[in-house]
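# Here is my input, please return the structure:
(one chain, ligands or ions: 1)
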Amino acid sequence: MYDYIIIGAGIIGTCIARELSRFDVKVLVVDKEPDVANHQTIANSAIIHSGHDPHEQTLKAKLCVEGNALFDVLEQELDIPVLRTGGMIVAIGDAQERVLEGLYQRALTNQVKEASLISGDEARMREPKLSKQITKALLVPTTKVTYPWEVAFACMENAIHNGAELRLNHAVTGIVRQAHGFTVTFNGKTHVQTRQIISAAGVFSDQIAAMIEDQPLYRITPRKGEYFVLDRKVKGFINHVIYPVPNEKGKGVLLVPQVHGNLLVGPTSVFIDDHEDLSSTAAGLAQVRRDAMKLADDIPFDKTIRTFAGIRATSTHEDFFIAESKEVEGFYHVAGIDSPGLTAAPAIARHLIRLIRDKHTLVEKPGFDPRRKKPHAFHRLSDDEKAVLIAKDPRHGNLVCKCEKITETEIIAAIHGPLGADTIKGIKKRARAGSGLCQGGYCEGAVLKLIARERGLTLEKVNYYHPDTPILVKETKVTS
Ligand SMILES: Cc1cc2nc3c(=O)[nH]c(=O)nc-3n(C[C@H](O)[C@H](O)[C@H](O)COP(=O)(O)OP(=O)(O)OC[C@H]3O[C@@H](n4cnc5c(N)ncnc54)[C@H](O)[C@@H]3O)c2cc1C
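Got it, this is the predicted structure:
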């Protein structure tokens, strides 16, 4: 019998797992996907927002500002990448300037630190590529950028290190209330008992709620966002996160420098019916281009290396919905977690623990270790350090992904790491092999062979990501 089953291994489920692993409780995290961080947590803008945008007095405002500060703690404890860019919200003309002034007041009310209004010229002194049309800007220096799925990996690894368990490819298909807890059914066949359930199922939260409640208090209305990813050769084109003034659809199309040097341009904001429609569309991308060109001149779209889309778990409740079910004791909703959910994630986890502690005793574990260390990226070492490593193990000298400079040893470390991987995309998420200009065109075959060798698989058994997605099917050339 578990004390807590957490449904969903996105940034929210993994942060909650880490917080719960501070206490003497038995925790299981489950996800229907083959990997951690596969939905919203892998397809977003990666911004740790300052908290200037959410409406005053909302959970979004409070937990965004709190979460922004907690990312500094996570950086120290979990060795996650954080790029301190600062943010600028830019206005063009009188009407937008009035919106900007309202936003400045909101930033002050939300207790965003160091927010200030500057002229268009001052904004261009800081960011010379900004459009000449821009007349005023709100500067929010606490805005930063991270690598979202690495944060989720780090939280999950640390939670496991402190006793939590993880089961992937485990879709929750049924929940039944019992006298002292719940029976949870996975994939329609296996059953596990737990005292409490925490649902952090992203765009599927309302489907999970409907398994146990007669009248769920919210519905998810999925909202899609499309992006361009520009090659890291454009590093320095823009150094702040650039936002337009927000509109009724949200924060608008942004320019976002990424931790590895790429530039993200997007997203759109379109309500859709399909909870899993991650397609890029000509219309969506054209909209991104049009809107982005109002922010800066000469955006190097010719350096695009890929496009992608993410789906926000926007809910009819509008604010984050974090509460114990009114109908079913012991079932906790952590739902409607759209933007700024990545920023707020560590604060959401703490907020939930406070709710739980209002009713239950949680006893702290004396041996809790908050630290997780990740291996150094080989290409960031000095020539002398590299030479020492290569002398010890020549596999350090075998550059597999030439674009991102990822070595054989880094791929082996990803395959056998704490959240090991045996798929092409799993390696890409952990080691970045295939994330560069050629998008895996040159290294995918080599990665596939390494996975097969290290896991003792035949080449045809190596999947791209999900079960039954092999890259190779059979040999077509036979040497005699
Ligand atoms: C386009 C876009 C841009 C964004 N930009 C930002 C940003 O810049 N900054 C910011 O702070 N926030 C941003 N967000 C919001 C942020 O990404 C999300 O709030 C955050 O990732 C939510 O994490 P989650 O763990 O709740 O959801 P998810 O990452 O979606 O995780 C939910 C998990 O539940 C699992 N699951 C669902 N149903 C089941 C089931 N039946 N059984 C088992 N598992 C199940 C899913 O497989 C999934 O892995 C953005 C979101 C989008 C889509």
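
# Do stretch 258-273 and the ligand come into contact?
Yes: against the ligand, stretch 258-273 shows contacts by CB under 6 Å from any ligand atom at residue 267. Where C-beta positions appear, they are placed from N, C-alpha and C, glycine not excepted.

# End to end on that stretch, go ahead and measure it.
30 Å (CA to CA, to the nearest Å).

# how about that stretch: buried residues?
By neighbour count with 16 or more other CB atoms under 10 Å, stretch 258-273 contains the buried residues 258-259, 262-270.

# Stretch 72-90 now?
74-75, 77-78, 80-83, 85-90.

# show me what contacts the residue of the stretch 51-200 of the chain found nearest the ligand?
The minimum distance from the stretch 51-200 of the chain to the ligand, using CB to the nearest ligand atom, falls at residue 172 (3.8 Å). Shown in contact with residue 172 (CB atoms under 8 Å, 6 or more residues apart in numbering): 7, 30, 32, 184-186, 201, 208, 211.

# hmm, 7 Å instead?
7, 30, 184, 186, 208 (CB atoms under 7 Å, 6 or more residues apart in numbering).

# same question, residue 68
48-51, 142, 343.

# tell me the domain ranges of the protein?
1-83+145-218+317-374, 87-141+221-312, 378-461 (automatic domain parsing).

# Looking at the ones you listed, which one is packed in the most?
domain 1-83+145-218+317-374 (a mean of 20; mean count of other CB atoms under 10 Å).

# What strand or helix carries residue 124?
helix 120-126 (DSSP states H and E).

# thinking again about what came up before, now for the buried residues of stretch 72-90: which two are most distant?
Of all pairs drawn from these, the one with the longest distance (CB to CB) is 77 and 90, at 34.4 Å.

# hmm, back to that, in CSV: the domains of the chain, plus mean pLDDT.
Shown next, in CSV, are these (pLDDT from 0 to 100):
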stretch, mean pLDDT
domain 1-83+145-218+317-374, 97
domain 87-141+221-312, 97
domain 378-461, 95
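
# Including distance to residue 472, could these go into JSON lines?
Shown next, in JSON lines, are the domains of the chain (distance: least, CB to CB, whole Å):
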{"stretch": "domain 1-83+145-218+317-374", "distance to residue 472": "18"}
{"stretch": "domain 87-141+221-312", "distance to residue 472": "23"}
{"stretch": "domain 378-461", "distance to residue 472": "5"}
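
# Can you tell me which of the contacts of residue 68 are also in contact with the ligand?
Within the contacts of residue 68, those near the ligand by CB under 6 Å from any ligand atom are 49, 343.

# Please name the residues that touch residue 150.
80-81.

# Give the helix, strand or coil label for it.
helix (DSSP: H, G, I helix; E, B strand; the rest coil).

# rewinding a little: next step: the contacts of residue 68 restricted to helices.
Among the contacts of residue 68, the ones falling in helices (DSSP state H) are residue 343.

# what ranges do the helices span in the stretch 351-480 of the chain?
383-392, 408-416, 424-431, 444-455 (DSSP state H, counting those that start in this stretch).

# Nearest approach to residue 11 belongs to which of these?
helix 424-431 (13.5 Å).

# which helices and strands does that closest one pack with?
helix 408-416, helix 444-455 (3 or more CB pairs under 7 Å, 6 or more residues apart in numbering; DSSP states H and E).

# List of residues touching it?
By CB under 7 Å, 6+ apart, the list of residues contacting helix 424-431 reads 35, 149, 406, 410-411, 414-415, 417, 421, 433-435, 440, 444, 447-448, 451, 464-465, 471.

# Could you pull up the residues touching the residue of the stretch 251-400 of the chain found nearest the ligand?
Closest residue of the stretch 251-400 of the chain to the ligand, CB to the nearest ligand atom: residue 341 (1.9 Å). For residue 341, the contacting residues are residue 12, by CB under 7 Å, 6+ apart.

# For it, what are phi and psi?
With angles defined as degrees, to the nearest 10, residue 341 sits at phi -70, psi -30.

# ok, and the closest non-adjacent residue to residue 214?
Spatial nearest neighbour of residue 214, chain neighbours left out: residue 327 (6.4 Å); criterion: CB to CB, 6 or more residues apart in numbering.

# Could you pick out the residues of the stretch 1-150 of the chain near the ligand for me?
So the stretch 1-150 of the chain meets the ligand at 7-13, 30-33, 38-41, 43-47, 49 (CB under 6 Å from any ligand atom).

# can you tell me which of those residues are in helices?
11-13.

# between the residues you listed, which is closest to the ligand?
Among these, and counting by CB to the nearest ligand atom, the member closest to the ligand is residue 12, at 3.5 Å.

# The closest one reaches residue 335, doesn't it?
No: look at residue 12 against residue 335 with CB atoms under 7 Å: they stay out of range, at 9.4 Å.

# residues near the residue in the stretch 351-480 of the chain positioned nearest to the ligand, how many?
Nearest to the ligand in the stretch 351-480 of the chain, going by CB to the nearest ligand atom, is residue 466, at a distance of 11.5 Å. Residue 466 has 13 neighbours, counted by other CB atoms under 10 Å.

# nearest spatial neighbour of it, skipping sequence neighbours?
Nearest to residue 466 is residue 34, by CB to CB, 6+ apart, at 5.6 Å.

# what sits against that neighbour?
168-169, 423, 465-467.

# circling back to that earlier point, switch the helices and strands packed on helix 424-431 over to a markdown table; also include distance to residue 56.
Putting those into a markdown table (distance: least, CB to CB, whole Å) gives the following:
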| stretch | distance to residue 56 |
| --- | --- |
| helix 408-416 | 43 |
| helix 444-455 | 48 |
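
# I'd like those helices laid out as JSON lines, including distance to the ligand.
Listed next are the helices and strands packed on helix 424-431 as JSON lines, based on distance: least, CB to the nearest ligand atom, whole Å:
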{"stretch": "helix 408-416", "distance to the ligand": "19"}
{"stretch": "helix 444-455", "distance to the ligand": "22"}
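
# beta partners for the closest residue to residue 167 other than its chain neighbours?
Distances taken as CB to CB, 6+ apart place residue 30 nearest to residue 167, at 5.0 Å, with adjacent residues excluded. Residue 30 has these beta-bridge partners by DSSP bridges: residue 7, residue 167.

# ok, now which ones touch residue 30?
With CB under 7 Å, 6+ apart, residue 30 has these contacts: 5, 7, 167, 170, 172, 186.

# distance of the last one from residue 307?
Between residue 186 and residue 307 the distance, using CB to CB, to the nearest Å, works out to 34 Å.

# roughly how far apart are the residue of the stretch 101-250 of the chain found nearest the ligand and residue 39?
Among the residues of the stretch 101-250 of the chain, residue 202 lies closest to the ligand, at 2.6 Å counting by CB to the nearest ligand atom. In this view, residue 202 and residue 39 are 5 Å apart by CB to CB.

# Which neighbours do the two have in common?
residue 10.

# before we move on, the earlier item: check what pLDDT the residue of the stretch 351-480 of the chain closest to the ligand gets.
Residue 466 carries a pLDDT score of 91 in this model.

# From residue 238, how far out is it?
Relative to residue 238, residue 466 is positioned 35 Å away (criterion: CB to CB).

# do the same with residue 358
44 Å.

# what do you get for residue 410?
Taking CB to CB, one finds residue 410 at 29 Å from residue 238.

# What of residue 424?
31 Å.

# follow-up on the earlier one: so what are the sheet partners of the helix or strand following the helix holding residue 124 and their directions?
Using DSSP H and E, the helix or strand that follows helix 120-126 in sequence is strand 136-140. If you go by DSSP bridges, strand 136-140 pairs up with strand 87-91 (antiparallel), strand 116-119 (antiparallel).
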